[in-house]
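Student: no sequence for this one, just the structure:
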Ligand code: ISL
Ligand code: CA
């Protein structure tokens, strides 16, 4: 297997708005990140992915970009950015930027122009259509709103937006637009960034003719990913982008790709090497039935089979439990009902996922086991997806259901400030922040875990060191053991010199391990209990190492 720096590092995801506020306005910023570089170095991460830091009216927290080459004023200036990049590089940390090119903000000058007239040179940068019998051009719904179309009176046409009305989709069929995007990407590379996480990149090609969706076609609006995800043209665009931007650069590109399957992932990653790796959604969708809000219990066997299928399907995976769109890992997949279970399950989950084969992404706060937030009213919610969902719920009379869903799955769970210490506002800021601090910050914070060698934080540091210092854990083969065991996830990673055995009791109950392999006589290199017996304690995990002779 080809060696690459991005296979050998753990990536730390920073949501800048909620990481550290340096200038007392309650909003995290770039200078705040710089203050915390020592922490990142201590933790052992070798790359940082920043959520969008570009100029934006923040309808969708920076995923609606007004200017791709300007820094959001609330976050600082381009000089601050340059300083951040320089400081990270000095400390051996790569910088991965977010690339949001399925859509822009409606305040981007391309769209401002595009709106002006049918013959404006920028008209074709976006997807405009005549109405169908005075209604939307087709029945597509968007991620955030009932219809994916918005009417514009001036030219009597509609524009497509797969996300909010302030996020018009860019028209990738237009070669001039594509070229502008490639040049913009190259200017960021010329500044020195090390790669991109590409937002919903597999949605950029839409099915020609934009046909009506057919799922539940009795509904007025239909979510029609069959017409906008993984379309044939996508590989053409990615090939062209790779040629124009990525080829001959030592960079990393990871695509965020909803709806991708183990069957079709190979068309955009791997053999064609269009993307280095992808974020698929099968793990994120595992506890939802027909959509995220209908929450069903986490099924361990289903989880194992799914993770194994991805390990087998692709030579290289991305590994993540959470991100800025997802609830907190320990609340969702572990157990946050007691301090003991929170700590043990957070450690077990860390081992279980991050020692698989692939590049690990750790979302800020995961390393201290931050939890979901007990929001108490609508006024505390900031995320556009949750706000829209509540609005629909009020109209449709299902507010209790919606609120329950938001508490469990709402994106704001991941967006409350990083909990640095037990001072006011968790050491994030000294004024009231843009979103509430999780009230549990006095108990769960970086400072207290730094002092406790048995904390989740110290465990994560060891886990990161273990993973990144072992060839077998980076490049080694993956095999499962006792695949049908409903309680344990057991697998091995090995190269020609070493074998690691990873054993996780994924349940909150003591379990006896009955397997024919003799694993337990090997050396333990990482564990969350001091225990060597066959009886695994609640959420117990152990990593064994065997040297081959
Ligand atoms: O957040 C989600 C689940 O509720 C996803 O459906 C999400 O909208 C989708 O994965 C795309 O996410 C990305 O693009 C969005 C942005 O809102 C997300 O924050 C971003 O990660 C539009 O740019
Ligand atoms: Ca600030």
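Tutor: That came through, no problem. Everything numeric here is computed off the predicted structure, so don't read it as measured data. Ligands and ions are numbered 1, 2, ... in the order given.

Student: C-alpha only now, for contacts and for neighbours.
Tutor: OK.

Student: ok, and the closest non-adjacent residue to the residue in the stretch 301-450 of the chain that ligand 1 sits nearest to?
Tutor: Nearest residue of the stretch 301-450 of the chain to ligand 1: residue 325, at 4.5 Å (C-alpha to the nearest ligand atom). Nearest non-adjacent residue to residue 325, counting by C-alpha to C-alpha, 6 or more residues apart in numbering: residue 411, 4.7 Å away.

Student: kindly report the same for residue 462.
Tutor: Closest to residue 462 by C-alpha to C-alpha, 6+ apart is residue 526, at 7.8 Å.

Student: look at that neighbour and give its secondary structure.
Tutor: strand (DSSP: H, G, I helix; E, B strand; the rest coil).

Student: burial measure for it, as a count.
Tutor: A count of neighbours around residue 526, defined by other C-alpha atoms under 10 Å, yields 18.

Student: quick check: residue 494 touching residue 470?
Tutor: No: using C-alpha atoms under 8 Å, residue 494 is not in contact with residue 470, being 9.9 Å away.

Student: so for those two, which residue has more residues nearby?
Tutor: For the pair residue 494 and residue 470, the greater number of neighbours falls to residue 494 (23 against 16), based on other C-alpha under 10 Å.

Student: return the residues in contact with the more buried one.
Tutor: For residue 494, the contacting residues are 472, 473, 476, 477, 478, 500, by C-alpha atoms under 8 Å, 6 or more residues apart in numbering.

Student: of those residues, which belong to helices?
Tutor: 472, 473 (DSSP state H).

Student: ok, of the contacts of residue 494, which one's closest to residue 41?
Tutor: Nearest to residue 41 among these, counting by C-alpha to C-alpha, is residue 473 at 20.7 Å.

Student: distance-wise, check the nearest residue to residue 350 once chain neighbours are set aside relative to residue 351.
Tutor: Leaving aside its sequence neighbours, residue 350 sits nearest to residue 460 (C-alpha to C-alpha, 6+ apart; 7.2 Å). Using C-alpha to C-alpha, to the nearest Å, we find residue 460 at a distance of 9 Å from residue 351.

Student: pLDDT weak spots in the chain?
Tutor: 217, 270-272 (pLDDT under 70).

Student: checking the residue nearest the centre of the chain next. Helix, strand or coil?
Tutor: By C-alpha atoms, centre = their mean, the chain has its centre lying nearest to residue 323, at 3.8 Å. What three-state DSSP gives for residue 323 is coil.

Student: residues touching the nearest residue to it once chain neighbours are set aside, list them.
Tutor: The shortest distance from residue 323 to any non-neighbouring residue, by C-alpha to C-alpha, 6+ apart, is to residue 363 (5.4 Å). By C-alpha under 8 Å, 6+ apart, the contact set of residue 363 is 12, 13, 14, 320, 322, 323, 324.

Student: wait, isn't the fifth one in contact with residue 330?
Tutor: No: contact between residue 322 and residue 330 fails when scored by C-alpha under 8 Å: they sit 9.7 Å apart.

Student: those two: who's more crowded?
Tutor: residue 330 (28 against 21).

Student: list the residues that contact that one.
Tutor: Counting by C-alpha under 8 Å, 6+ apart, residue 330 has contacts 336, 342, 345, 346, 349, 366, 369, 370, 371.

Student: surely the fourth one touches residue 334?
Tutor: Yes: between residue 346 and residue 334 a contact is recorded at 6.5 Å, counting by C-alpha under 8 Å.

Student: quick one, which of these two is more surrounded?
Tutor: residue 346 (31 against 24).

Student: related to what we said a few turns ago, surely the residue nearest to residue 350 forms part of a strand?
Tutor: No: counting by three-state DSSP, residue 460 falls outside a strand, being helix.

Student: any idea how far it is from ligand 2?
Tutor: Distance of residue 460 to ligand 2, given as C-alpha to the ion, to the nearest Å: 28 Å.
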